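>>> heads up, no residue letters with this:
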(Lines give C-alpha, C1' and ligand atoms only; values in the text may rest on other atoms or scores of the structure.)
Protein backbone atom coordinates (compact mmCIF):
# COMPACT_ATOMS: atom_id res chain seq x y z
CA UNK A 1 0.00 0.00 0.00
CA UNK A 2 1.43 3.36 -0.96
CA UNK A 3 1.58 5.61 2.07
CA UNK A 4 0.94 9.14 0.98
CA UNK A 5 0.63 12.22 3.11
CA UNK A 6 -3.14 11.94 3.09
CA UNK A 7 -3.61 8.23 3.64
CA UNK A 8 -5.25 8.77 7.01
CA UNK A 9 -7.30 6.44 9.20
CA UNK A 10 -11.07 6.53 8.74
CA UNK A 11 -11.62 7.60 12.33
CA UNK A 12 -9.40 10.65 11.86
CA UNK A 13 -10.31 11.99 8.44
CA UNK A 14 -13.05 10.87 6.03
CA UNK A 15 -11.41 9.56 2.89
CA UNK A 16 -14.36 10.74 0.78
CA UNK A 17 -13.31 14.25 1.67
CA UNK A 18 -9.67 13.92 0.64
CA UNK A 19 -8.21 14.45 -2.78
CA UNK A 20 -5.47 12.11 -3.97
CA UNK A 21 -2.36 14.15 -3.37
CA UNK A 22 -0.13 11.98 -5.49
CA UNK A 23 2.85 14.27 -5.37
CA UNK A 24 3.89 13.59 -1.81
CA UNK A 25 4.18 9.87 -1.21
CA UNK A 26 6.31 8.88 1.70
CA UNK A 27 7.49 5.66 0.13
CA UNK A 28 9.20 7.54 -2.68
CA UNK A 29 10.66 9.93 -0.14
CA UNK A 30 12.03 6.99 1.80
CA UNK A 31 13.67 5.59 -1.32
CA UNK A 32 15.43 8.92 -1.71
CA UNK A 33 16.49 9.04 1.93
CA UNK A 34 17.70 5.46 1.87
CA UNK A 35 19.46 5.38 -1.46
CA UNK A 36 20.81 8.85 -2.08
CA UNK A 37 20.94 10.91 1.10
CA UNK A 38 23.88 10.92 3.41
CA UNK A 39 23.10 8.73 6.42
CA UNK A 40 22.55 10.31 9.83
CA UNK A 41 25.68 11.28 11.74
CA UNK A 42 25.66 8.12 13.80
CA UNK A 43 25.38 6.07 10.61
CA UNK A 44 28.86 7.20 9.64
CA UNK A 45 30.25 6.02 12.95
CA UNK A 46 29.75 2.27 12.68
CA UNK A 47 32.33 0.49 14.78
CA UNK A 48 34.64 -1.60 12.69
CA UNK A 49 35.71 -5.04 13.71
CA UNK A 50 36.83 -8.09 11.80
CA UNK A 51 34.58 -11.05 11.30
CA UNK A 52 31.17 -11.94 10.06
CA UNK A 53 29.46 -8.68 11.10
CA UNK A 54 31.39 -6.45 8.71
CA UNK A 55 30.78 -8.80 5.80
CA UNK A 56 27.05 -9.10 6.52
CA UNK A 57 26.66 -5.36 7.04
CA UNK A 58 28.42 -4.62 3.76
CA UNK A 59 26.17 -7.08 1.92
CA UNK A 60 23.09 -5.48 3.51
CA UNK A 61 24.16 -2.05 2.32
CA UNK A 62 24.80 -3.37 -1.17
CA UNK A 63 21.37 -5.01 -1.30
CA UNK A 64 19.71 -1.83 -0.05
CA UNK A 65 21.57 0.27 -2.62
CA UNK A 66 20.39 -2.09 -5.36
CA UNK A 67 16.81 -1.88 -4.08
CA UNK A 68 16.70 -5.57 -3.20
CA UNK A 69 14.53 -4.84 -0.22
CA UNK A 70 13.70 -8.32 1.06
CA UNK A 71 17.32 -9.42 0.83
CA UNK A 72 18.48 -6.23 2.54
CA UNK A 73 16.06 -6.69 5.44
CA UNK A 74 17.16 -10.28 5.97
CA UNK A 75 20.82 -9.23 5.98
CA UNK A 76 20.19 -6.33 8.35
CA UNK A 77 18.45 -8.69 10.74
CA UNK A 78 21.40 -11.07 10.58
CA UNK A 79 23.90 -8.25 11.16
CA UNK A 80 21.86 -6.96 14.10
CA UNK A 81 21.83 -10.41 15.67
CA UNK A 82 25.62 -10.17 15.61
CA UNK A 83 25.72 -6.57 16.87
CA UNK A 84 22.44 -5.57 18.58
CA UNK A 85 23.69 -2.05 19.39
CA UNK A 86 24.29 -1.13 15.74
CA UNK A 87 22.11 2.01 15.49
CA UNK A 88 22.58 2.41 11.75
CA UNK A 89 21.26 -1.09 11.16
CA UNK A 90 18.13 -0.49 13.23
CA UNK A 91 17.47 2.76 11.33
CA UNK A 92 17.74 1.15 7.89
CA UNK A 93 15.79 -1.93 8.92
CA UNK A 94 13.01 0.25 10.33
CA UNK A 95 12.91 2.42 7.22
CA UNK A 96 12.75 -0.61 4.93
CA UNK A 97 10.00 -2.20 7.03
CA UNK A 98 8.07 1.06 6.86
CA UNK A 99 8.35 1.01 3.09
CA UNK A 100 6.83 -2.47 3.18
CA UNK A 101 3.94 -1.22 5.37
CA UNK A 102 5.14 -3.43 8.24
CA UNK A 103 4.51 -0.60 10.67
CA UNK A 104 4.54 -2.57 13.94
CA UNK A 105 7.92 -4.15 13.18
CA UNK A 106 9.22 -0.85 11.84
CA UNK A 107 8.23 0.89 15.08
CA UNK A 108 10.18 -1.69 17.10
CA UNK A 109 13.28 -1.21 14.97
CA UNK A 110 13.06 2.58 15.00
CA UNK A 111 12.49 2.58 18.77
CA UNK A 112 15.79 0.73 19.15
CA UNK A 113 17.48 3.26 16.87
CA UNK A 114 16.17 6.19 18.91
CA UNK A 115 17.27 4.53 22.15
CA UNK A 116 20.78 4.05 20.82
CA UNK A 117 21.02 7.48 19.14
CA UNK A 118 18.42 9.75 20.75
CA UNK A 119 19.62 12.96 19.07
CA UNK A 120 18.75 11.98 15.48
CA UNK A 121 15.56 13.86 14.61
CA UNK A 122 14.67 11.99 11.42
CA UNK A 123 14.45 8.70 13.29
CA UNK A 124 12.04 10.16 15.84
CA UNK A 125 9.82 11.48 13.03
CA UNK A 126 9.82 8.11 11.29
CA UNK A 127 8.90 6.43 14.57
CA UNK A 128 6.03 8.89 14.97
CA UNK A 129 4.76 8.17 11.47
CA UNK A 130 4.78 4.44 12.25
CA UNK A 131 2.81 5.09 15.42
CA UNK A 132 0.34 7.20 13.46
CA UNK A 133 -0.34 4.22 11.18
CA UNK A 134 -0.74 2.00 14.22
CA UNK A 135 -3.29 4.34 15.80
CA UNK A 136 -1.01 5.36 18.67
CA UNK A 137 -1.74 9.02 18.10
CA UNK A 138 -0.46 10.41 21.39
CA UNK A 139 2.94 8.77 20.95
CA UNK A 140 2.97 9.77 17.29
CA UNK A 141 2.52 13.45 18.08
CA UNK A 142 5.14 13.37 20.84
CA UNK A 143 7.75 11.72 18.65
CA UNK A 144 7.12 13.79 15.52
CA UNK A 145 7.51 16.94 17.60
CA UNK A 146 10.64 15.56 19.22
CA UNK A 147 12.10 14.94 15.76
CA UNK A 148 11.25 18.45 14.61
CA UNK A 149 12.89 19.89 17.71
CA UNK A 150 16.09 17.95 17.10
CA UNK A 151 16.11 18.74 13.39
CA UNK A 152 14.87 16.23 10.81
CA UNK A 153 15.69 15.56 7.18
CA UNK A 154 15.73 18.65 4.97
CA UNK A 155 14.08 16.74 2.11
CA UNK A 156 11.11 18.96 1.09
CA UNK A 157 8.67 16.09 0.67
CA UNK A 158 9.66 14.56 3.99
CA UNK A 159 9.10 17.94 5.64
CA UNK A 160 5.63 18.14 4.10
CA UNK A 161 4.73 14.69 5.36
CA UNK A 162 6.03 15.52 8.82
CA UNK A 163 4.23 18.87 9.13
CA UNK A 164 0.96 17.58 7.70
CA UNK A 165 0.78 14.65 10.08
CA UNK A 166 1.69 16.85 13.04
CA UNK A 167 -1.09 19.25 12.06
CA UNK A 168 -3.61 16.44 11.68
CA UNK A 169 -2.67 14.99 15.06
CA UNK A 170 -3.00 18.40 16.71
CA UNK A 171 -6.49 18.80 15.24
CA UNK A 172 -7.41 15.36 16.52
CA UNK A 173 -6.22 16.42 19.97
CA UNK A 174 -8.21 19.66 19.85
CA UNK A 175 -5.12 21.90 19.84
CA UNK A 176 -6.44 24.00 16.99
CA UNK A 177 -4.22 27.09 17.24
CA UNK A 178 -1.07 24.98 17.26
CA UNK A 179 -2.42 22.97 14.32
CA UNK A 180 -3.01 26.19 12.41
CA UNK A 181 0.54 27.36 13.07
CA UNK A 182 2.00 24.04 11.93
CA UNK A 183 -0.12 23.72 8.79
CA UNK A 184 0.52 27.37 7.99
CA UNK A 185 4.19 26.48 7.56
CA UNK A 186 3.19 24.35 4.57
CA UNK A 187 1.31 27.27 3.05
CA UNK A 188 4.27 29.57 3.62
CA UNK A 189 6.49 27.03 1.90
CA UNK A 190 4.30 27.30 -1.18
CA UNK A 191 2.45 23.97 -0.87
CA UNK A 192 -0.67 24.24 -3.01
CA UNK A 193 -2.85 21.30 -2.11
CA UNK A 194 -6.54 21.01 -1.42
CA UNK A 195 -6.12 18.65 1.51
CA UNK A 196 -3.64 20.86 3.32
CA UNK A 197 -6.02 23.76 2.76
CA UNK A 198 -8.92 21.73 4.12
CA UNK A 199 -6.94 20.82 7.22
CA UNK A 200 -6.23 24.52 7.72
CA UNK A 201 -9.97 25.11 7.49
CA UNK A 202 -10.60 22.59 10.25
CA UNK A 203 -8.02 24.26 12.46
CA UNK A 204 -9.30 27.84 12.06
CA UNK A 205 -12.92 26.76 12.54
CA UNK A 206 -12.00 24.52 15.48
CA UNK A 207 -13.85 21.59 13.94
CA UNK A 208 -13.10 18.07 15.04
CA UNK A 209 -12.99 15.19 12.60
CA UNK A 210 -16.07 13.55 14.07
CA UNK A 211 -18.07 16.72 13.40
CA UNK A 212 -16.82 16.88 9.84
CA UNK A 213 -17.73 13.25 9.21
CA UNK A 214 -21.23 13.86 10.56
CA UNK A 215 -21.63 17.09 8.61
CA UNK A 216 -23.12 17.77 5.20
CA UNK A 217 -21.80 19.27 1.97
CA UNK A 218 -22.43 22.79 3.27
CA UNK A 219 -20.05 22.17 6.16
CA UNK A 220 -17.42 20.80 3.80
CA UNK A 221 -17.79 23.90 1.64
CA UNK A 222 -17.38 26.09 4.71
CA UNK A 223 -14.21 24.25 5.72
CA UNK A 224 -12.73 24.59 2.23
CA UNK A 225 -13.42 28.30 2.10
CA UNK A 226 -12.07 28.98 5.58
CA UNK A 227 -8.97 26.99 4.74
CA UNK A 228 -8.44 28.99 1.56
CA UNK A 229 -8.71 32.26 3.47
CA UNK A 230 -6.14 31.16 6.02
CA UNK A 231 -3.92 29.64 3.32
CA UNK A 232 -3.76 33.04 1.64
CA UNK A 233 -3.10 34.73 4.97
CA UNK A 234 -0.23 32.37 5.72
CA UNK A 235 1.24 33.22 2.32
CA UNK A 236 0.99 36.92 3.22
CA UNK A 237 -1.50 37.59 0.44
CA UNK A 238 -3.39 39.82 2.82
CA UNK A 239 -5.76 41.58 0.42
CA UNK A 240 -6.93 38.28 -1.02
CA UNK A 241 -7.21 36.73 2.44
CA UNK A 242 -9.26 39.66 3.73
CA UNK A 243 -11.62 39.35 0.78
CA UNK A 244 -12.09 35.62 1.39
CA UNK A 245 -12.74 36.14 5.09
CA UNK A 246 -15.21 38.97 4.45
CA UNK A 247 -17.16 36.83 1.99
CA UNK A 248 -17.07 33.97 4.50
CA UNK A 249 -18.66 36.00 7.32
CA UNK A 250 -21.21 37.40 4.88
CA UNK A 251 -22.29 33.96 3.72
CA UNK A 252 -22.00 32.18 7.10
CA UNK A 253 -22.50 34.90 9.74
CA UNK A 254 -23.88 32.60 12.44
CA UNK A 255 -21.87 29.43 11.85
CA UNK A 256 -19.73 28.48 14.86
CA UNK A 257 -16.25 29.97 14.88
CA UNK A 258 -16.54 31.86 11.59
CA UNK A 259 -16.62 35.27 13.32
CA UNK A 260 -13.91 34.09 15.69
CA UNK A 261 -11.64 33.03 12.81
CA UNK A 262 -12.22 36.38 11.12
CA UNK A 263 -11.37 38.19 14.35
CA UNK A 264 -8.13 36.29 14.73
CA UNK A 265 -7.18 37.16 11.17
CA UNK A 266 -7.94 40.83 11.82
CA UNK A 267 -5.66 40.75 14.86
CA UNK A 268 -2.78 39.53 12.71
CA UNK A 269 -3.52 42.48 10.42
CA UNK A 270 -3.47 44.85 13.43
CA UNK A 271 -7.08 45.81 12.80
CA UNK A 272 -8.00 45.50 16.46
CA UNK A 273 -11.18 47.57 16.38
CA UNK A 274 -12.77 45.33 13.74
CA UNK A 275 -11.47 42.26 15.57
CA UNK A 276 -13.37 43.35 18.67
CA UNK A 277 -16.58 43.52 16.65
CA UNK A 278 -15.97 40.06 15.18
CA UNK A 279 -15.35 38.51 18.59
CA UNK A 280 -18.49 40.17 19.95
CA UNK A 281 -20.48 38.67 17.07
CA UNK A 282 -19.06 35.24 17.93
CA UNK A 283 -20.14 35.65 21.54
CA UNK A 284 -23.60 36.71 20.40
CA UNK A 285 -23.75 33.45 18.44
CA UNK A 286 -22.29 31.41 21.29
CA UNK A 287 -22.26 33.09 24.74
CA UNK A 288 -20.00 30.40 26.20
CA UNK A 289 -17.25 30.74 23.57
CA UNK A 290 -14.17 30.79 25.81
CA UNK A 291 -11.50 31.64 23.19
CA UNK A 292 -13.53 34.64 21.98
CA UNK A 293 -13.83 35.94 25.55
CA UNK A 294 -10.09 35.52 26.05
CA UNK A 295 -9.16 37.34 22.88
CA UNK A 296 -11.66 40.09 23.53
CA UNK A 297 -10.16 40.66 26.97
CA UNK A 298 -6.66 40.59 25.50
CA UNK A 299 -7.53 43.00 22.71
CA UNK A 300 -9.27 45.40 25.09
CA UNK A 301 -6.15 45.37 27.25
CA UNK A 302 -4.00 46.19 24.22
CA UNK A 303 -6.36 49.01 23.31
CA UNK A 304 -6.23 50.34 26.90
CA UNK A 305 -9.97 49.85 27.28
CA UNK A 306 -9.39 48.35 30.70
CA UNK A 307 -12.93 48.73 32.02
CA UNK A 308 -14.35 47.32 28.80
CA UNK A 309 -12.13 44.25 28.99
CA UNK A 310 -13.00 43.29 32.54
CA UNK A 311 -16.38 41.63 31.88
CA UNK A 312 -14.87 39.38 29.22
CA UNK A 313 -11.96 38.32 31.43
CA UNK A 314 -14.33 37.68 34.34
CA UNK A 315 -16.59 35.55 32.14
CA UNK A 316 -13.58 33.65 30.78
CA UNK A 317 -12.53 32.69 34.31
CA UNK A 318 -16.09 31.59 35.09
CA UNK A 319 -16.12 29.48 31.94
CA UNK A 320 -12.80 27.84 32.82
CA UNK A 321 -11.44 28.39 36.30
CA UNK A 322 -8.20 26.61 35.39
CA UNK A 323 -7.28 28.82 32.46
CA UNK A 324 -3.95 30.50 33.30
CA UNK A 325 -4.49 32.95 30.46
CA UNK A 326 -7.90 33.88 31.83
CA UNK A 327 -6.51 34.62 35.29
CA UNK A 328 -3.54 36.47 33.79
CA UNK A 329 -5.78 38.72 31.71
CA UNK A 330 -8.20 39.30 34.56
CA UNK A 331 -5.35 40.17 36.91
CA UNK A 332 -3.77 42.53 34.35
CA UNK A 333 -7.08 44.32 33.74
CA UNK A 334 -7.83 44.59 37.47
CA UNK A 335 -4.42 46.12 38.00
CA UNK A 336 -5.09 48.77 35.35
CA UNK A 337 -8.43 49.47 37.05
CA UNK A 338 -6.63 50.13 40.35
CA UNK A 339 -7.98 46.97 41.97
CA UNK A 340 -4.53 45.88 43.12
CA UNK A 341 -5.43 43.33 45.80
CA UNK A 342 -7.78 41.44 43.50
CA UNK A 343 -5.21 41.67 40.69
CA UNK A 344 -2.58 40.01 42.85
CA UNK A 345 -4.97 37.18 43.71
CA UNK A 346 -5.67 36.50 40.03
CA UNK A 347 -2.04 36.76 38.95
CA UNK A 348 -0.91 34.46 41.74
CA UNK A 349 -3.52 31.95 40.56
CA UNK A 350 -2.17 32.26 37.02
CA UNK A 351 1.33 31.63 38.35
CA UNK A 352 0.24 28.45 40.09
CA UNK A 353 -1.44 27.21 36.92
CA UNK A 354 1.44 28.16 34.61
CA UNK A 355 4.55 28.38 36.81
CA UNK A 356 6.99 28.67 33.91
CA UNK A 357 5.39 31.63 32.11
CA UNK A 358 7.64 34.72 32.45
CA UNK A 359 4.99 37.34 31.68
CA UNK A 360 2.94 36.36 34.71
CA UNK A 361 5.84 37.24 36.99
CA UNK A 362 6.44 40.51 35.20
CA UNK A 363 2.82 41.46 35.90
CA UNK A 364 3.10 40.18 39.47
CA UNK A 365 6.19 42.33 40.08
CA UNK A 366 4.24 45.41 39.00
CA UNK A 367 1.29 44.45 41.19
CA UNK A 368 3.46 43.78 44.25
CA UNK A 369 5.27 47.08 43.75
CA UNK A 370 1.92 48.87 43.52
CA UNK A 371 0.97 47.25 46.85
CA UNK A 372 4.33 48.29 48.37
CA UNK A 373 5.37 44.65 48.75
CA UNK A 374 8.91 45.34 47.61
CA UNK A 375 10.43 42.01 48.68
CA UNK A 376 7.77 40.07 46.79
CA UNK A 377 8.24 42.38 43.82
CA UNK A 378 11.98 41.69 43.78
CA UNK A 379 11.37 37.94 43.93
CA UNK A 380 8.88 38.13 41.04
CA UNK A 381 11.33 40.19 38.96
CA UNK A 382 14.08 37.66 39.60
CA UNK A 383 11.76 34.82 38.56
CA UNK A 384 10.81 36.75 35.43
CA UNK A 385 14.48 37.24 34.53
CA UNK A 386 15.34 33.59 35.15
CA UNK A 387 12.42 32.24 33.13
CA UNK A 388 13.05 34.68 30.29
CA UNK A 389 16.68 33.56 30.01
CA UNK A 390 15.62 29.93 30.13
CA UNK A 391 13.07 30.54 27.37
CA UNK A 392 15.79 32.10 25.22
CA UNK A 393 17.99 29.05 25.75
CA UNK A 394 15.10 26.75 24.86
CA UNK A 395 14.34 28.72 21.70
CA UNK A 396 17.94 28.72 20.57
CA UNK A 397 18.09 24.94 20.91
CA UNK A 398 14.68 24.21 19.48
CA UNK A 399 15.41 24.87 15.82
CA UNK A 400 12.11 24.98 14.03
CA UNK A 401 10.10 25.08 17.25
CA UNK A 402 8.45 28.44 17.83
CA UNK A 403 8.36 30.22 21.16
CA UNK A 404 5.07 30.25 23.02
CA UNK A 405 3.96 33.80 23.85
CA UNK A 406 1.85 34.64 26.88
CA UNK A 407 0.38 32.13 29.30
CA UNK A 408 -0.65 28.90 27.63
CA UNK A 409 -3.50 26.60 28.53
CA UNK A 410 -3.57 22.83 28.43
CA UNK A 411 -6.87 23.18 26.57
CA UNK A 412 -5.08 25.16 23.83
CA UNK A 413 -6.92 28.40 24.37
CA UNK A 414 -5.66 31.17 22.18
CA UNK A 415 -3.08 33.67 23.36
CA UNK A 416 -2.67 37.42 23.01
CA UNK A 417 -1.29 38.53 19.67
CA UNK A 418 1.23 40.82 21.37
CA UNK A 419 2.70 41.10 24.87
CA UNK A 420 0.22 42.92 27.06
CA UNK A 421 0.91 46.61 27.32
CA UNK A 422 3.15 46.66 24.26
CA UNK A 423 0.47 47.85 21.85
CA UNK A 424 0.50 51.36 20.48
CA UNK A 425 2.83 52.74 23.12
CA UNK A 426 0.53 52.00 26.03
CA UNK A 427 1.79 53.49 29.25
CA UNK A 428 1.79 51.64 32.53
CA UNK A 429 1.29 52.97 35.97
CA UNK A 430 4.35 52.53 38.18
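Received, thanks. Quantities reported herein were computed from a predicted structural model and do not represent experimental measurements.

>>> Next one: the closest residue to residue 208 other than its chain neighbours from residue 209, what distance?
What sits nearest to residue 208 in space, not counting adjacent residues and going by Cβ to Cβ, 6 or more residues apart in numbering, is residue 174, at 6.8 Å. Glycine gets a C-beta too; all of them are placed from N, C-alpha and C. Note on residue 174: its distance to residue 209, by Cβ to Cβ, to the nearest Å, is 10 Å.

>>> Between these two, tell me which one has more neighbours.
It is residue 209, of residue 174 and residue 209, that has more neighbours when counted by other Cβ atoms under 10 Å, with 19 against 12.

>>> Need phi/psi at that one.
Per-residue torsions, residue 209: phi -60, psi -40 (degrees, to the nearest 10).

>>> wait, it sits on residue 170?
No. Between residue 209 and residue 170 there is no contact under Cβ atoms under 8 Å: 11.8 Å.

>>> how close does the residue nearest to residue 208 sit to residue 202?
Relative to residue 202, residue 174 is positioned 11 Å away (Cβ to Cβ).

>>> Which positions within stretch 225-236 qualify as buried?
Across stretch 225-236, burial judged by 16 or more other Cβ atoms under 10 Å covers 225-235.

>>> Next secondary structure after the helix or strand residue 313 falls within?
Assigned by DSSP states H and E, residue 313 falls within helix 306-319. Next along the chain after helix 306-319, taking DSSP H and E as the criterion, comes helix 324-336.

>>> Could you check how sure the model is about that next one, as an average pLDDT?
Average pLDDT, helix 324-336: 98.

>>> Find me the pLDDT at residue 110, would you?
Residue 110 is assigned 98 on the pLDDT scale.

>>> Quick test: name the residue nearest the centre of the protein.
What sits nearest the mean C-alpha location of the chain, by Cα atoms, centre = their mean, is residue 178, with 3.6 Å.

>>> Look up the closest residue to it, ignoring the ones flanking it.
Leaving aside its sequence neighbours, residue 178 sits nearest to residue 170 (Cβ to Cβ, 6+ apart; 5.0 Å).

>>> Now do the closest residue to residue 52 other than its chain neighbours against residue 73, distance only.
Nearest non-adjacent residue to residue 52, counting by Cβ to Cβ, 6+ apart: residue 82, 6.0 Å away. Distance of residue 82 to residue 73, given as Cβ to Cβ: 15 Å.

>>> Of the two, which one has the most company?
A count of neighbours by other Cβ under 10 Å puts residue 73 above the other of residue 82 and residue 73, at 22 against 16.

>>> wait, doesn't that one sit right on residue 96?
Yes. Look at residue 73 against residue 96 with Cβ under 8 Å: they come within range, at 5.2 Å.

>>> What is the helix or strand containing residue 104 packed up against?
For residue 104, the element it lies in under DSSP H and E is helix 103-116. Packed against helix 103-116 by the contact rule (3 or more Cβ pairs under 8 Å, 6 or more residues apart in numbering; DSSP states H and E) you find helix 87-99, helix 121-133.

>>> Output these in TSV, with distance to residue 347 appended to each entry.
TSV is the format used below for these (distance: least, Cβ to Cβ, whole Å):
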stretch	distance to residue 347
helix 87-99	48
helix 121-133	37
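
>>> To residue 214, which of these lies closest?
Of all the helices and strands packed on helix 103-116, it is helix 121-133 that lies closest to residue 214, at 22.9 Å by Cβ to Cβ.

>>> Now do the closest one, average pLDDT.
96.

>>> now swap in stretch 379-388 and tell me
The average pLDDT for stretch 379-388 rounds to 97.

>>> what residues does it touch?
For stretch 379-388, contacts defined as Cβ atoms under 8 Å, 6 or more residues apart in numbering pick out 356-359, 361-362, 364-365, 368.

>>> 6 Å instead, please
Stretch 379-388 has contacts (Cβ atoms under 6 Å, 6 or more residues apart in numbering) with 358, 361-362, 364-365, 368.
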